[in-house]
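>>> Sequence isn't available, so here's the structure alone:
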């Protein structure tokens with residue numbers, strides 16, 4: 001087992017919440033996770049099983065209504081000889097795009113099942129989560145495990161499981177040491193667009209198979225090879241031995257869905273299954289749950305943790321509270337705010353308290369936001385423009401004493417619970433070295449394997 005991923009390490013992640021210094025009503029004050037929690041009304045932490053199931057029904061009805069309408073229109077268009085162009089537009093673009101919205105909503109609800117935010121019954125939550133994620137070809141228990149640890153170690157450059165950018169030396173090595181990082185030329189916009197499209201096509205499934213871009217100490221044990229980092233392998237390095245049968249169940253769920261799809265294809269025709277299920281699923285995965293450089297969920301979760309305004313932390317400066325607050329709420333517009341169950345625009349509170357269901361997230365956010373001051377990050381600019389910024393200005397990280405000092409002045413990076421002598425500028429030595437900021441640069445070749453881990457202890 002890795003020295004940095006012991007039971008004690010997990011325990012420390014839970015208790016090392018630290019505190020932060022913010023400015024509330026013009027006065028500096030220190031707050032911690034317990035104080036934030038006390039501000040949230042108690043009922044926000046109690047999911048309603050009936051209400052949660054109602055949202056599953058809500059999303060399912062929308063998908064089925066869109067499907068029925070598309071089937072009717074397809075038959076009508078073909079019946080009147082409306083031309084192949086109309087049929088292609090309907091079946092390849094309009095229906096898959098629209099149907100991908102409720103499918104993503106169902107994915108978010110299954111994600112809440114994994115956090116315990118769907119129901120007070122763990123059996124019901126896991127059953128619903130398994131069914132929904134299997135229907136979307138997602139390994140429920142496997143992803144629940146890795147995603148839960150991402151929440152536990154968010155923005156820790158060693159132990160976070162997602163969105164871990166390279167340091168200066170690692171980034172330079174990606175260009176075989178030939179890149180002068182102080183005199184770089186960024187990629188042309190057209191190249192950036194092509195890379196975005198390429199990564200969106202393969203990133204999510206490749207992440208599930210290889211777990212690329214995770215922190216080097218993010219797995220319970222040392223990997224035996226590139227093939228040993230898969231979400232589909234029951235004895236993968238990603239999971240504890242006690243999770244073996246959970247992963248088997250996840251695999252059986254996806255296998256059962258594959259059998260159902262094959263049977264439906266035989267019954268209604270393979271083409272029908274392609275445009276009524278596979279293409280909407282592709283829109284769901286490619287557009288909303290995709291990857292940049294192998295990092296999953298670009299258009300949703302990736303953009304929550306990737307911004308020039310957000311820091312990353314080395315272990316000595318990291319605390320649970322700091323990591324959770326290195327998150328930004330974005331606005332995808334009213335339709336997607338609603339259809340995605342506020343996973344985009346109310347993500348800060350979700351990282352602080354993942355057991356709060358989406359229908360209480362706004363109330364909880366309103367309760368804690370006054371305490372957070374400048375620690376609360378929100379970006380109301382274009383959601384799509386933010387993706388371009390992330391691809392061009394957030395390639396690697398390094399320390400920036402000036403930026404850290406400025407953030408400290410504005411209450412965004414206090415010394416937390418790190419006990420270390422302070423320097424004259426008020427930033428302790430650990431923070432000087434342990435708070436890192438994004439830097440721009442050209443995109444390296446896509447990662448294909450998970451970064452190496454230290455030797456097992």
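Looks like it arrived, so ask away. All values derive from a computational prediction rather than experimental measurement.
>>> Packing partners of the biggest helix by length in the chain?
Using DSSP state H to define each element, the chain has its longest helix at helix 49-79. Here helix 49-79 touches helix 84-88, helix 95-115, helix 122-135, going by 3 or more C-beta pairs under 8 Å, 6 or more residues apart in numbering; DSSP states H and E. Using the backbone N, CA and C atoms, a C-beta is placed for each residue, glycine as well.
>>> Of the ones you listed, which is nearest residue 29?
helix 95-115 (29.3 Å; C-beta to C-beta).
>>> May I see the buried residues of that closest one?
For helix 95-115, a neighbour-count test (16 or more other C-beta atoms under 10 Å) marks 95-96, 98-115 as buried.
>>> out of the helices and strands packed on helix 49-79, nearest to residue 150?
Closest to residue 150 of these is helix 95-115 (C-beta to C-beta; 11.3 Å).
>>> So which bits of stretch 375-394 are buried?
So, applying 16+ other C-beta under 10 Å, buried residues of stretch 375-394: 375-377, 379, 383, 386-387, 389-392, 394.
>>> Stretch 272-279 now?
Of all the residues in stretch 272-279, those buried under the rule 16+ other C-beta under 10 Å are 273, 275-277, 279.
>>> Then stretch 231-248?
Applying 16+ other C-beta under 10 Å to stretch 231-248 flags 231, 233-234, 236-239, 243, 246-247 as buried.
>>> between those residues, which is nearest residue 57?
Distance to residue 57 across the buried residues of stretch 231-248 (C-beta to C-beta) is lowest for residue 246, with 26.7 Å.
>>> I'd say the closest one and residue 143 touch.
No. The pair residue 246 / residue 143 is not scored as a contact, 10.9 Å apart, by C-beta atoms under 8 Å.
>>> Work out the gap between stretch 315-334 and the centre of the chain.
A distance of 11 Å separates the C-alpha centroid of stretch 315-334 from that of its chain, computed with C-alpha atoms, centre = their mean, to the nearest Å.
>>> Mind checking the pLDDT average for that stretch?
For stretch 315-334, mean pLDDT rounds to 92.
>>> mind listing the helices for the stretch 151-300 of the chain?
For the stretch 151-300 of the chain, the helices defined by DSSP state H, counting those that start in this stretch cover 168-174, 189-210, 244-268, 270-273, 279-283.
>>> Any chance of JSON lines for those, columns mean pLDDT and distance to residue 217?
Listed next are these as JSON lines, based on pLDDT from 0 to 100; distance: least, C-beta to C-beta, whole Å:
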{"stretch": "helix 168-174", "mean pLDDT": "84", "distance to residue 217": "15"}
{"stretch": "helix 189-210", "mean pLDDT": "65", "distance to residue 217": "17"}
{"stretch": "helix 244-268", "mean pLDDT": "96", "distance to residue 217": "21"}
{"stretch": "helix 270-273", "mean pLDDT": "89", "distance to residue 217": "42"}
{"stretch": "helix 279-283", "mean pLDDT": "85", "distance to residue 217": "34"}
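>>> Give me the neighbour count for residue 267.
Counted with other C-beta atoms under 10 Å, the neighbours of residue 267 add up to 9.
>>> Could you report the distance from it to residue 64?
In this structure, residue 267 and residue 64 are 17 Å apart, going by C-beta to C-beta, to the nearest Å.
>>> So which of the buried residues of stretch 375-394 belong to helices?
Judged by DSSP H, helices contain the following of these: 383, 386-387, 389-392.
>>> Would you mind giving those as JSON lines with distance to residue 154 and pLDDT added?
Output for these, formatted as JSON lines (distance: C-beta to C-beta, whole Å; pLDDT from 0 to 100):
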{"residue": "383", "distance to residue 154": "21", "pLDDT": "77"}
{"residue": "386", "distance to residue 154": "19", "pLDDT": "84"}
{"residue": "387", "distance to residue 154": "20", "pLDDT": "79"}
{"residue": "389", "distance to residue 154": "20", "pLDDT": "85"}
{"residue": "390", "distance to residue 154": "17", "pLDDT": "83"}
{"residue": "391", "distance to residue 154": "21", "pLDDT": "79"}
{"residue": "392", "distance to residue 154": "23", "pLDDT": "82"}
